[in-house]
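J.: take a look and give me a structure for this.
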Amino acid sequence: MVECRKCKGKGTIPCEDCGGIGTVHLPARSLGEWQTYPLPQACKRCEGDGKIDCPECSGSGTT
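T.: From the prediction side, this is the model:
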């Protein structure tokens, strides 16, 4: 087994949807203009964790 190159053996990578912070600002329409909600929402992909399992090693850290 070899250490995964994408996650460097950690098994997880930063979530691409939220940039690794675990929250996103959803777009909202207000007075005809697109804005963002003032309060962040938990990222649905990583469930607020900021990390997802590495797609190359399926979270094992090795390939």
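
J.: contacting residues for Gly59?
T.: 11-12, 53 (CB atoms under 8 Å, 6 or more residues apart in numbering). Heads up, the C-betas are built off the backbone N, CA and C, glycines and all.

J.: how close does it get to Gly50?
T.: Using CB to CB, to the nearest Å, one gets 15 Å for the distance from Gly59 to Gly50.

J.: tell me the pLDDT at the residue nearest to Ser60 when sequence neighbours are not counted?
T.: Leaving aside its sequence neighbours, Ser60 sits nearest to Gly11 (CB to CB, 6 or more residues apart in numbering; 6.1 Å). Looking at Gly11, its pLDDT reads 97.

J.: enumerate every residue touching Gly11.
T.: By CB under 8 Å, 6+ apart, the contact list for Gly11 reads 4, 53-54, 57, 59-61.

J.: which of those count as buried?
T.: Neighbour-count burial within these applies to 4, 54, 57, 59, 61; the criterion is 16 or more other CB atoms under 10 Å.

J.: quick one: which two of the residues you listed are the most distant?
T.: Spatial extent of the buried ones among the contacts of Gly11 (CB to CB) is set by the pair Cys4 and Gly59 at 9.4 Å.

J.: list the contacts for Pro55?
T.: 6, 13.
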